[in-house]
Structure formats: structure tokens, C-alpha cells
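[1] Next come a sequence and a model predicted from it.
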Amino acid sequence: MRVKLLVGVLLAAFTVPAHAQSWADRAMKLSSLELSADEIGALKVDGYRDKRNKITLRRIDPEDGGVDWDTDPTAIPFMLYQINKRTDLPIYVNNDGLDLSTDDLFEHLVVYLTSHHAWSLNEKETENLGKWLKRGGTMLLDDCYNKGSPFTDSVQPEVGKMIPGAHPVILMETDKKLSDVFSMVYKTPWPGESLKYMRPWQYFMLDDRPAVFFTPNDDGCGWEVSTPPTASNPVGEGIGHGGDNRKRELFYQWISNWMMYVYSH
């Protein structure tokens, strides 16, 4: 009942163009097993160009040339596809890199950064992100290395530039402030509940709300696919995390919960 009520409330604010072709129809037309960059780009055409009143997640393209921000190219498109199928909420897909130094940042509610390497933001990028976070934006950081890396080492100093004095808080199941972050749509085990369920997330507070989240578990690798979803395999063949659909299902459930939390809090 709670999920139906949440979806109903969100749908009241979200609309889908009647002419928009479904993702299922698009997926069935993809003929290759490996998705090319052109095929990924094609997922954002037609009705999906309009981002108003839709669930979306934009990935960041920092000016720092050493950041492989565009790794896992299928991750966000097919993660959003899964959210659409699980909640019936409309989605907007744009897999291009977002330039943080421009006003384009302020057209989005949620942004995402992943990399295998250390990362840093220049003065303009940091200034824009600081203003954007202050206005209610939420940032998700995802360590693509999944074993502790220079990416993780960059998190606290870089977030500290955006939110002066901010410190990471370990996101545990006993956290009263964020008690429903992983139970919005599904009741899941929390990351960090045991070694089996990966490591705990962290978050940074701004104005009494969690403005930046960090996952050390390479969640994007769990979202990515090498084939389109089908009726017999609705999450597609996986690339990362061993391709085990049971484990990948948990990654989709986690991000579905988190996205619904961000969009409704």
C-alpha cells in the first residue's frame, strides 16, 4: 500500500508524452549483443528528450582529463529503464557528460560521478556544485574500482570544498535520520549489513539534509548490461559483479529505493 501511495503521489507530478515509444520496443530493436556508443546515444531520442517532470540521473564530466567518467556506458540508461519498469514513473535519459561549469547543472536534481581514478574539480566546478547543493541538488559518488582506490581517497577533500566542514557519516540501518532510504520501494538488506551485502554507503549533510552520497561498491557496474532486457531475462545479461542476476537485482533495488528517497524528500 505504501509503495502504491508513493507512486501515485509522484505520478501526479509526472507526465509521459503519449507518442513516446516504450523502452521495451526500443530494446527489442537492438540487434547486437554488445551495445555500441551510437546505440546507447539512440536511447535518448524522440519523447525522451523532454526532461521535464521525469526521473533522471546525469553523469558528470569533470574538466580533469584523468577522470574516466564515461566508464560503464550502459549503466545509467538501463538503471533508469529498470526504475521505469518497477515504478511506472516516466524517465529522461541523457548519457552525455554534464559540464559542471555551466548553468546546465541547475536543470537537474541528481548528478552522478564514477571513475577508477582520483578526481578533482576546478574552482568554477566546485563553486557551481556548492550553489547547486545549497539549492537542493543531490550528488551520488560511485567508486568504480570497488576495492578502495584513489577515487575514494578524493571523496572527502573534494566534498569538503563544496560543503566546507562536512564530514562523512556511515549509512547504517540504525540511522534514524535516513531510516527509509533503502526501503522506499523494496525492503532490502542494507549495504554494509554484512560482507555479503557489500560495504556501507556514506553521506554528507548540508542544511540538515543528506546532499552527497558515496557508495564504495561500484554500483554502476551492477547496473550495466551487455544485452537488452527480454521477457525471459528482464534485467539483461550483466557485465560487472560476475553477471549474477540475483546480485544485480539487489543493485537495482537499492538504486530504486535511493532514487525514490531523493525525489520525495
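    Right, received. Where do you want to start? Numbering: from 1, shown residues only.
[2] Look at residue 114 and give its secondary structure.
    Look at residue 114: counting by DSSP: H, G, I helix; E, B strand; the rest coil, its state is strand.
[3] cool, and residue 251?
    Reduced to three states with three-state DSSP, the structure at residue 251 is helix.
[4] Quick one: neighbours of it, just the number.
    Here the count is done by other C-beta atoms under 10 Å, and residue 251 has 28 residues near it. C-betas here are computed from N, CA, C, even on glycine.
[5] Can you check the pLDDT for the nearest residue to it once chain neighbours are set aside?
    Counting by C-beta to C-beta, 6 or more residues apart in numbering, residue 251 lies nearest to residue 222, which is 3.2 Å off, once chain neighbours are set aside. If you check residue 222, the pLDDT there is 91.
[6] got it, and residue 114?
    If you check residue 114, the pLDDT there is 94.
[7] just to revisit the earlier point, show me the contacts for the residue nearest to residue 251.
    238, 240-241, 247-248, 250-252 (C-beta atoms under 8 Å, 6 or more residues apart in numbering).
[8] Looking at those residues, state which has the most neighbours.
    Neighbour counts for the contacts of residue 222, by other C-beta under 10 Å, peak at residue 251, which reaches 28 neighbours.
[9] got the contact list for it?
    Shown in contact with residue 251 (C-beta under 8 Å, 6+ apart): 219, 222-223, 241.
[10] Which of these fall within helices?
    With helices taken from DSSP state H, the overlap with the contacts of residue 251 comprises 219, 222-223.
[11] Show me how far stretch 225-237 is from its chain's centre.
    For stretch 225-237, the distance from its own C-alpha centre to the chain's C-alpha centre is 19 Å (C-alpha atoms, centre = their mean, to the nearest Å).
[12] Now do the buried residues in that stretch.
    Neighbour counts using 16 or more other C-beta atoms under 10 Å place 225, 227-229, 235-236 of stretch 225-237 among the buried residues.
[13] pull the CA atoms of it into PDB?
    Extracted in PDB, the C-alpha atoms of stretch 225-237 (Å, rounded to 0.1, in the frame of the first residue of the first chain):
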ATOM      1  CA  VAL A 225      24.300  -4.700 -19.300                       C
ATOM      2  CA  SER A 226      25.700  -6.400 -22.400                       C
ATOM      3  CA  THR A 227      22.300  -7.300 -23.900                       C
ATOM      4  CA  PRO A 228      18.900  -5.600 -23.800                       C
ATOM      5  CA  PRO A 229      16.300  -6.900 -21.300                       C
ATOM      6  CA  THR A 230      14.000  -9.500 -22.600                       C
ATOM      7  CA  ALA A 231      10.900 -11.300 -21.300                       C
ATOM      8  CA  SER A 232      12.900 -14.300 -20.200                       C
ATOM      9  CA  ASN A 233      15.700 -12.100 -18.800                       C
ATOM     10  CA  PRO A 234      14.200  -8.800 -17.700                       C
ATOM     11  CA  VAL A 235      17.400  -7.300 -16.300                       C
ATOM     12  CA  GLY A 236      19.600  -8.300 -19.400                       C
ATOM     13  CA  GLU A 237      22.900 -10.100 -19.300                       C
END
